[in-house]
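Visitor: Sequence and computational prediction follow.
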Amino acid sequence: MAKKTTDCLVLTTDSISSCSRMLQLPKSKPKTNLASVTEAYEYCRQITAEYAKTFYLGTLLMPKEKRKAIWAIYAWCRRTDELVDGVEAKDTTIETLAQWEQQLESIFAGEPTDDTDVALIDTIKSFPMDIQPFRDMIAGQRMDLHRNRYETFEELKLYCYRVAGTVGLMSNAILGISNNQNNVPWEKDGQTYIPKEEAISLGIAMQLTNILRDVGEDAQRGRIYLPLEDLKAFNYTEQDLMQGVIDERWLALMRFQIKRARNYYHQAEAGIRYLIRDSRLPVWTSLILYQGILNAIEQNQYDVFSKRAFVPKVAKFSSLPLAWLRAQI
Ligand SMILES: CC(C)=CCC/C(C)=C/CC/C(C)=C/CC/C(C)=C/[C@@H]1[C@@H](COP(=O)(O)OP(=O)(O)O)[C@]1(C)CC/C=C(\C)CC/C=C(\C)CCC=C(C)C
Ligand SMILES: [Mn+2]
């Protein structure tokens with residue numbers, strides 16, 4: 001349970017269950033005694049620190065106001081994802097998602113239903129943003145409810161946009177804003193350039209990486225996110241995948257998937273220079289670290305069935321100088 005200290009809440013030993021409780025949908029009527037704005041942001045920080053070691057590191061490199069805003073967005077996204085991916089996912093129905101979407105509409109109307117909403121409402125006040133990417137993410141979770149196969153890459157790409165490209169758009173609203181009028185965001189040849197496509201590309205790249213890392217785990221849940229047209233092209237069957245067959249066909253298929261994901265990272269990279277200077281380092285850090293999972297898959301000889309690809313802590317910290325160098329451009 002989170003415990004109060006002088007001005008913030010700290011994590012205690014049972015913080016994981018406390019965090020996971022924070023992720024559940026409110027079961028009864030809206031609470032009346034909601035968290036203060038400070039407490040609400042602290043809950044969002046705890047959720048981010050607990051569930052997203054990579055992104056949390058990135059946010060620590062941001063100015064305080066932006067960092068808090070990203071935690072609020074993270075907490076909302078995590079809660080949304082948890083509805084179809086978390087411990088209580090089996091209870092999630094179309095109605096649950098409709099209720100969650102209603103709660104989203106209330107947030108944008110300035111009416112919190114539970115504690116983490118308080119932080120998101122405050123974030124939306126400081127960093128005005130569009131509700132549509134949030135709605136689109138819920139539409140992505142709806143896809144997860146009723147399908148477990150993707151025939152073509154185009155279909156998978158829509159899913160990736162909805163569950164992850166949308167995060168790029170939400171983050172853009174925070175990462176690009178400057179309080180300094182001399183430091184106008186996205187000025188390119190005198191014209192305002194908003195790197196939306198690049199932000200979406202980073203989300204898609206990360207989601208594709210996530211899919212490659214989790215092939216084995218997803219197969220155990222009866223899910224295949226790799227496009228079936230790709231399996232066919234490499235003469236690899238669904239049964240092979242379910243049995244975790246690693247052979248030349250699998251290696252070729254995985255090399256193809258990794259190349260595609262790297263292309264999306266590449267497209268995203270071109271957009272980072274248009275972000276406000278203080279946002280470039282955290283984005284480069286997150287990009288390099290998440291892309292590192294692809295290298296880890298290669299080092300594991302493409303065995304995503306019995307090994308989980310991850311970037312070790314030492315490698316995480318040693319990639320900071322490279323991220324810093326790239327952020328200078
Ligand atoms: C600084 C920074 C990178 C901020 C973004 C942090 C943020 C708000 C993350 C939300 C992530 C989230 C919970 C999304 C819900 C759906 C989901 C789980 C997507 C997958 C994330 C990784 O999660 P994890 O490895 O924990 O997965 P499991 O559920 O445990 O399997 C995703 C792979 C997608 C995340 C997508 C992004 C962070 C978008 C990145 C784009 C930008 C920050 C825009 C940058 C701007 C330009 C111009 C390039
Ligand atoms: Mn997930």
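Guide: Looks like it arrived, so ask away. Ligands and ions are numbered 1, 2, ... in the order given.
Visitor: all contacts plus neighbour counts: C-alpha atoms, from now on.
Guide: Fine.
Visitor: Pull the number of nearby residues for residue 32.
Guide: Applying other Cα atoms under 10 Å, we find 9 residues neighbouring residue 32.
Visitor: Does it belong to a helix, a strand or coil?
Guide: Secondary structure for residue 32, judged by DSSP: H, G, I helix; E, B strand; the rest coil, is coil.
Visitor: gap between it and residue 100?
Guide: Here residue 32 is placed at a distance of 18 Å from residue 100 (Cα to Cα, to the nearest Å).
Visitor: Please apply the same query to residue 120.
Guide: Note on residue 120: its distance to residue 100, by Cα to Cα, is 14 Å.
Visitor: So if I had to pick from those two, which one is more boxed in?
Guide: Counted by other Cα under 10 Å, residue 120 and residue 100 do not tie: residue 120 has more neighbours, with 29 against 19.
Visitor: From what I see, that one and residue 69 are in contact.
Guide: Yes - assessed by Cα atoms under 8 Å, residue 120 is found in contact with residue 69 at 7.4 Å.
Visitor: Flag the shaky bits of the stretch 101-250 of the chain, pLDDT-wise.
Guide: Across the stretch 101-250 of the chain, the ranges flagged by pLDDT under 70 are 177-191.
Visitor: Let me see the ranges of the strands in it.
Guide: 187-188, 191-192 (DSSP state E, counting those that start in this stretch).
Visitor: pretty sure residue 58 contacts residue 282?
Guide: Yes - using Cα under 8 Å, residue 58 is in contact with residue 282, at 4.4 Å.
Visitor: Looking at those two, which is more packed in?
Guide: Taking other Cα under 10 Å, residue 58 and residue 282 do not tie; residue 282 has more neighbours (24 against 21).
Visitor: near ligand 1, which residues of the protein?
Guide: Selection of the chain residues close to ligand 1 by Cα under 6 Å from any ligand atom yields 52, 55, 58-59, 70, 73-74, 77-78, 81, 163-165, 167-168, 171-172, 195, 198-199, 202-203, 206-207, 210, 268, 271-272, 282-283, 286.
Visitor: Can you tell me which of those are buried?
Guide: 55, 58-59, 70, 73-74, 77-78, 81, 163-165, 167-168, 171-172, 195, 198-199, 202-203, 206-207, 210, 268, 271-272, 282-283, 286 (16 or more other Cα atoms under 10 Å).
Visitor: Spit out the contact partners of residue 252.
Guide: By Cα atoms under 8 Å, 6 or more residues apart in numbering, the contact set of residue 252 is residue 234.
Visitor: Can you give the domain ranges for this protein?
Guide: 15-146, 148-329 (automatic domain parsing).
Visitor: pretty sure residue 80 is touching residue 140, no?
Guide: No - if you go by Cα under 8 Å, residue 80 and residue 140 don't touch, sitting 9.8 Å apart.
Visitor: out of those two, which sits in the more crowded spot?
Guide: Taking neighbours as other Cα under 10 Å, residue 80 and residue 140 compare with residue 80 leading, 24 against 21.
Visitor: Name the SS class of that one, please.
Guide: helix.
Visitor: Nearest spatial neighbour of it, chain-adjacent residues omitted?
Guide: Take residue 80 and drop its neighbours on the chain: the residue closest to it by Cα to Cα, 6 or more residues apart in numbering is residue 138, 6.9 Å away.
Visitor: Which residue is the nearest non-sequential neighbour of residue 251?
Guide: residue 302 (6.6 Å).
Visitor: got the contact list for that neighbour?
Guide: 246, 251, 254.
Visitor: which among those gets closest to ligand 1?
Guide: If you rank these by distance to ligand 1 using Cα to the nearest ligand atom, residue 254 comes first, at 17.7 Å.
Visitor: Can you tell me the element the closest one falls in?
Guide: Assigned by DSSP states H and E, residue 254 falls within helix 248-272.
Visitor: and the next element down the chain from that helix?
Guide: Next along from helix 248-272, by DSSP H and E: helix 277-299.
Visitor: tell me which strands and helices that next one is in contact with?
Guide: On a contact count with 3 or more Cα pairs under 8 Å, 6 or more residues apart in numbering; DSSP states H and E, helix 277-299 meets helix 53-60, helix 196-213, helix 248-272, helix 320-327.
Visitor: Can you check what angle separates the longest one from helix 277-299?
Guide: So the one you mean is helix 248-272. Here helix 248-272 runs at an angle of 170 degrees relative to helix 277-299 (axes from the mean of the first three to the mean of the last three Cα atoms, to 10 degrees).
Visitor: Give the buried residues for helix 248-272.
Guide: Neighbour counts using 16+ other Cα under 10 Å place 249-251, 253-254, 257-258, 261-262, 264-265, 267-269, 271-272 of helix 248-272 among the buried residues.
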